[in-house]
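# output the structure for:
(one chain, ligands or ions: 2)
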Amino acid sequence: MINIIIAGPRGRMGAEAVNMVSNEENFRLVACLDRKFNGKTLKDVEGLPDVNVPIFEDIEECFHAVDADVIVDLTIPEVGYLHTKTAIEHHIRPVVGTTGFTSEQITELELLAKEKGIGSIIAPNFAVGAVLMMKFSQMAAKYLPDVEIIEKHHDNKLDAPSGTAVKTAELIRESRDYKKQGHPNEKETINGARGAEFDGMRIHSVRLPGLVAHQEVIFGGAGQILSIKHDSLDRSSFMDGIKLAVEKVMGLDKFVYGLENIL
Ligand SMILES: NC(=O)C1=CN([C@@H]2O[C@H](COP(=O)(O)OP(=O)(O)OC[C@H]3O[C@@H](n4cnc5c(N)ncnc54)[C@H](O)[C@@H]3O)[C@@H](O)[C@H]2O)C=CC1
Ligand SMILES: O=C(O)C1=N[C@H](C(=O)O)C[C@H](O)C1
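Ligands and ions are numbered 1, 2, ... in the order given. Coordinates of the predicted model:
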């Protein structure tokens, strides 16, 4: 039995994760971390499952009150970073879906996990199809190094570019040499027209109501275009990945960044 804390239970992802954990035989939800409702239980809060699981606002208090193996964080970047750091310090394994961390924060968390010998997983995307899209893009970039990433998300998303787009760009950087793309003299007449720049490639972020989570990676070569595209149409797409990460983190003593490393 794996004892789990979920941070962000009222969020789009957190609510889905609460249901997933509650329905898994080998998982036990022992507490939730929220920015409201300290001292209440999930069943006291409208819209949350009818279960007697305590809610805490303070992470230290939560860790002292319950016996947890894993914390699943699905919150916002600043809070997710603090939760992850505090969890590692308390020897509670973090499984983090929250995106928007800086590369310095990820490195710092990796070093801390190494120092404490605590298994930790940060995955910018838990959908297996998205992971395949990223890996296929990494393979393609070796042969078609001119690439642009277009990610599209719902308009309540806080971070841009998405964690998935950043991770895709990082994987592509590993398989091709730096390349400044586009015309050497190109000039933006409206700021941002060419998107964000990462290792010479461009990332474009679209935010619209109606979207969930989508990404297309477009490669251009002489007389040809290759598009690699993934769509999450529903947040259930992320749950198998979270389940797998919770199971795998129990046997890890190191830090993992990206679901592709545990599949
Ligand atoms: N890795 C993955 O596969 C996926 C990652 N995400 C990421 O997960 C995060 C959450 O996404 P959504 O659920 O769509 O956002 P959301 O805005 O629906 O939920 C965020 C939740 O965090 C809660 N929160 C804020 N401060 C808090 C605090 N101090 N303590 C506890 N909870 C706090 C809010 O009350 C809210 O319920 C985002 O960073 C998003 O990019 C989203 C989908 C998939
Ligand atoms: O905020 C979201 O919704 C998502 N966030 C993650 C990201 O930033 O890549 C994963 C997925 O794209 C959904």
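# domains for this protein, by residue range?
With domains defined by the TED database, the chain comprises 2-122+236-261, 128-232.
# make a markdown table from those domains and add mean neighbour count to it.
C-beta: built from backbone N, CA, C; applies to glycine. Formatted as a markdown table, the domains of the chain follow (neighbours: other CB atoms under 10 Å):
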| stretch | mean neighbour count |
| --- | --- |
| domain 2-122+236-261 | 19 |
| domain 128-232 | 16 |
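# the ones you listed into TSV, with extra columns for mean pLDDT?
What follows is the domains of the chain, written out as TSV (pLDDT from 0 to 100):
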stretch	mean pLDDT
domain 2-122+236-261	97
domain 128-232	97
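# for these, give me TSV that also has distance to ligand 2.
Converted to TSV, the domains of the chain look like this (distance: least, CB to the nearest ligand atom, whole Å):
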stretch	distance to ligand 2
domain 2-122+236-261	4
domain 128-232	3
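# write out the residues of the stretch 1-150 of the chain neighbouring ligand 1.
7-8, 10-14, 33-35, 74-76, 79, 97-100, 123-126 (CB under 6 Å from any ligand atom).
# just to be sure, which of the residues you listed are found in strands?
When DSSP state E defines the strands, the subset of those inside them is A7, L33.
# now intersect the residues of the stretch 1-150 of the chain next to ligand 1 with the helices, please.
Secondary structure defined by DSSP state H assigns R12, M13, G14, V79 of these to helices.
# now the two most distant members of these.
Spatial extent of these (CB to CB) is set by the pair R12 and V79 at 15.4 Å.
# quick one: P209 is in a helix?
No. Secondary structure assignment (DSSP: H, G, I helix; E, B strand; the rest coil) places P209 in coil, not in a helix.
# how about it: what's its closest non-neighbour residue?
Taking CB to CB, 6 or more residues apart in numbering, and ignoring the residues beside it in sequence, P209 has D155 as its nearest neighbour in space, at 5.3 Å.
# so how far is ligand 1 from the one you found?
11 Å (CB to the nearest ligand atom, to the nearest Å).
# please apply the same query to I203.
Separation of I203 from ligand 1 (CB to the nearest ligand atom): 15 Å.
# try S120
Distance, S120 to ligand 1, by CB to the nearest ligand atom: 14 Å.
# do the same with G200
G200 is 25 Å from ligand 1, by CB to the nearest ligand atom.
# helices along the stretch 1-150 of the chain, start to end?
Using DSSP state H, counting those that start in this stretch, the helices assigned to the stretch 1-150 of the chain run over residues 12-23, 59-65, 77-89, 103-116, 128-143.
# then the third one to PDB, C-alphas only?
Once non-C-alpha atoms are left out, helix 77-89 reads as follows in PDB (Å, rounded to 0.1, in the frame of the first residue of the first chain):
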ATOM      1  CA  PRO A  77       5.100  26.800 -10.100                       C
ATOM      2  CA  GLU A  78       6.200  28.700  -6.900                       C
ATOM      3  CA  VAL A  79       4.200  26.400  -4.600                       C
ATOM      4  CA  GLY A  80       5.200  23.300  -6.500                       C
ATOM      5  CA  TYR A  81       8.800  24.100  -6.200                       C
ATOM      6  CA  LEU A  82       8.500  24.700  -2.400                       C
ATOM      7  CA  HIS A  83       6.500  21.500  -1.900                       C
ATOM      8  CA  THR A  84       9.100  19.500  -3.800                       C
ATOM      9  CA  LYS A  85      12.000  20.900  -1.900                       C
ATOM     10  CA  THR A  86      10.200  20.400   1.500                       C
ATOM     11  CA  ALA A  87       9.200  16.900   0.600                       C
ATOM     12  CA  ILE A  88      12.800  15.900  -0.300                       C
ATOM     13  CA  GLU A  89      14.000  17.400   3.000                       C
END
